[in-house]
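Chemist: Sequence first, then the predicted structure:
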Amino acid sequence: MRNMTEAELTEVVLQRYQNTPDPRLREILQSLVRHLHAFVRDVRLTEDEWMHGIQFLTAVGQICDDKRQEMILLSDNLGVSMLVNMVSAGVAPAATESTVVGPFYVPDTPAREWGESIQQLPCDDVPLFVRGRVVDVSGAPVAGAQIEVWQTNSNGMYDIQDAEQPVNNLRGWYRANDNGEFLVRTVRPVRYPIPTDGPVGELLNATDRHPWRPAHLHAKVTAAGCKPLITHIFDAEDPYLDSDVVFAVKQSLVRKFEPVAAGARVGEYGISGPCLELGYDFVLERARTGG
Ligand code: BEZ
Ligand code: FE
């Protein structure tokens, strides 16, 4: 164990993890060591460069708090979150596809009534109604499913980034009725840049990448006996669909919000002015039970 070659060092480190009792943890750690060592050899990393990397990761950790999640942002930016989604999603072809959760999810948001707006601020934005059903892959309704939604305000900021917005602005959850039906009221989502005032912003700058996400509404749909779904609905008219900074767009999640003339939906939505609407069904997979 003295005067080792590069290859011997890797082998010795792998051996040290050999007795990890949990076999999955052992597999993950040994593979991580193998790939990290291969990376160092591949680029012939210098000590200065590694120190720079350590300082970068330290800064990523240090800027995190209960509202700022720079670590998720980094993972999203490197395409790792999306790759994990791809290798682990394994959804049935008929089910709604999932995508990244992102760093701005907040649990335990308020319940919203049928068609109640999640926009808590007075604003002139045209309302957007998303109506549909939560069903399983056979088309059967998932009665009582919870549909949690969140999005930015028209300034491109989530409530937790913006002192001007009330807590839980543009967030909340709806309960599907016995037929699996729901009615969400919000406003048209906007494209927005991810935060660039921290180390991930420095990374984007140094690599000449833009920080934009295409306009989207987030949704997390859960129901007893079903696999939870975390997804987005993307606006089909957004120019950033093909260059999302976090690589999270899937074609099946892209929709056009249709304009509705004033007076056409008084009965359904209770508004007399114009609005936008989208018919959208969430298709959940039933959870496998037993062995
Ligand atoms: C989001 O859509 O909220 C988001 C996702 C990944 C990185 C930054 C933001
Ligand atoms: Fe978002």
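Modeler: Sure thing, it's come through. Ligands and ions are numbered 1, 2, ... in the order given.
Chemist: Which residue does the stretch 101-250 of the chain have closest to ligand 1?
Modeler: In the stretch 101-250 of the chain, no residue comes nearer to ligand 1 than residue 102, which is 2.7 Å away by CB to the nearest ligand atom. In this view, the C-beta of every residue, glycine as well, is placed from N, C-alpha and C.
Chemist: pLDDT score assigned to that residue?
Modeler: Looking at residue 102, its pLDDT stands at 91.
Chemist: Please name the residues that touch it.
Modeler: Contacts for residue 102 were tallied using CB atoms under 8 Å, 6 or more residues apart in numbering; they are 72, 76, 218, 246, 248.
Chemist: try 7 Å
Modeler: Contacts for residue 102 (CB atoms under 7 Å, 6 or more residues apart in numbering) come out as 72, 76.
Chemist: quick check, it in a strand?
Modeler: No. The assignment for residue 102, made by DSSP: H, G, I helix; E, B strand; the rest coil, is coil rather than a strand.
Chemist: I'd like the distance between it and residue 252.
Modeler: Distance check for residue 102 against residue 252: by CB to CB, to the nearest Å, it reads 18 Å.
Chemist: okay but residue 276 is in contact with residue 125, surely?
Modeler: No. When contacts are counted by CB atoms under 7 Å, residue 276 is not listed as touching residue 125 (9.6 Å).
Chemist: So between these two, which is more surrounded?
Modeler: residue 276 (19 against 14; other CB atoms under 10 Å).
Chemist: So what sits opposite that one in the bridge?
Modeler: Beta-bridge pairing for residue 276 (DSSP bridges): residue 128, residue 259.
Chemist: Spit out the contact partners of it.
Modeler: Listed by CB under 7 Å, 6+ apart, the contact set of residue 276 reads 126, 128, 188, 257, 258, 259, 260.
Chemist: Residue 149 belongs to a helix, doesn't it?
Modeler: No. Assessed with three-state DSSP, residue 149 is strand; it does not lie in a helix.
Chemist: Extract the C-alpha trace of stretch 24-43 and format it as PDB.
Modeler: Presented in PDB, the C-alpha positions along stretch 24-43 are these (Å, rounded to 0.1, in the frame of the first residue of the first chain):
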ATOM      1  CA  ARG A  24     -26.900  -1.100  -2.600                       C
ATOM      2  CA  LEU A  25     -24.900   1.600  -0.700                       C
ATOM      3  CA  ARG A  26     -21.700  -0.500  -1.400                       C
ATOM      4  CA  GLU A  27     -22.600  -0.600  -5.200                       C
ATOM      5  CA  ILE A  28     -23.300   3.200  -5.300                       C
ATOM      6  CA  LEU A  29     -20.100   4.200  -3.400                       C
ATOM      7  CA  GLN A  30     -17.800   1.900  -5.300                       C
ATOM      8  CA  SER A  31     -19.200   3.000  -8.700                       C
ATOM      9  CA  LEU A  32     -18.900   6.700  -7.600                       C
ATOM     10  CA  VAL A  33     -15.200   6.100  -6.600                       C
ATOM     11  CA  ARG A  34     -14.500   4.400  -9.900                       C
ATOM     12  CA  HIS A  35     -16.000   7.200 -11.900                       C
ATOM     13  CA  LEU A  36     -14.500  10.000  -9.800                       C
ATOM     14  CA  HIS A  37     -11.000   8.500 -10.100                       C
ATOM     15  CA  ALA A  38     -11.500   8.000 -13.900                       C
ATOM     16  CA  PHE A  39     -12.600  11.700 -14.200                       C
ATOM     17  CA  VAL A  40      -9.500  12.900 -12.400                       C
ATOM     18  CA  ARG A  41      -7.300  10.800 -14.600                       C
ATOM     19  CA  ASP A  42      -9.200  11.700 -17.700                       C
ATOM     20  CA  VAL A  43      -8.600  15.500 -17.400                       C
END
